[in-house]
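Asker: here you go, sequence then predicted model.
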Amino acid sequence: MKAIRVIQLIWAALLVTLLFIELLAVNVVANGLLLLLAIIYLFACIVIALGSNRVAWLIAVLMPVIFCARSLAMVTRDIVAFAKDDPLYLDSPATIYIVVVYALLFVFPSLILIVLFWRQRSALRALLIPSAT
């Protein structure tokens, strides 16, 4: 569980930084919402690092799933467009490298956390579900 806490804290801080930079560069309302979710996630990770809290753990488990689903959908769409010779990728072939970097920064860390959550599911269940006694 300590590894999960450290990985989450590092990735949450990186996520807030990257989304803030992306918000400044693109200035899309959806990115602002993601930044807000990432800030909430970072705060939950800090609370978890300082001590266990059921609500913080719930947020910390749900956020990687949300970011993975969003990012995986975007990366999959871009890979399919690249495979089908979309004009975007024919005009600028280096665009696929941006997709790969995006996958490395957003998809893979969240997938790693989801796998770690799955491996520690009994400990997480004990944290998230109050005991009957």
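Answerer: It's in.

Asker: return the lowest-mean-pLDDT helix or strand in the chain as CSV; C-alpha atoms alone will do.
Answerer: Every helix and strand of the chain was ranked by mean pLDDT, DSSP states H and E. The lowest is helix 87-91, at a mean of 80. Output of helix 87-91 as CSV, limited to C-alpha atoms (Å, rounded to 0.1, in the frame of the first residue of the first chain):
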residue,chain,number,x,y,z
PRO,A,87,-5.2,13.5,-43.3
LEU,A,88,-4.0,14.9,-40.0
TYR,A,89,-1.3,12.2,-39.8
LEU,A,90,-0.5,12.5,-43.5
ASP,A,91,0.1,16.2,-43.2
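
Asker: flag every buried residue along it.
Answerer: Tyr89 (16 or more other Cβ atoms under 10 Å). The way it works is simple: take the backbone N, C-alpha and C, and place the C-beta from them, glycine included.

Asker: give me the helices and strands touching it, please.
Answerer: On a contact count with 3 or more Cβ pairs under 8 Å, 6 or more residues apart in numbering; DSSP states H and E, helix 87-91 meets helix 54-83, helix 95-102.

Asker: comparing those helices by mean pLDDT, which bottoms out?
Answerer: Of all these, mean pLDDT reaches its minimum on helix 95-102 (a mean of 84).

Asker: neighbouring contacts of that one?
Answerer: Surrounding helix 95-102, the residues in contact under the criterion Cβ atoms under 8 Å, 6 or more residues apart in numbering are Ser71, Met74, Val75, Asp78, Ile79, Phe82, Leu88, Tyr89.

Asker: what's the neighbour count on the fifth one?
Answerer: Spelled out, it's Ile79. By the measure other Cβ atoms under 10 Å, the count of residues near Ile79 is 15.

Asker: the residue nearest to it when sequence neighbours are not counted and Asp78, how far apart?
Answerer: By the measure of Cβ to Cβ, 6 or more residues apart in numbering, the closest residue to Ile79 outside its immediate chain neighbours is Val99, 6.8 Å from it. Val99 sits 4 Å away from Asp78, going by Cβ to Cβ, to the nearest Å.
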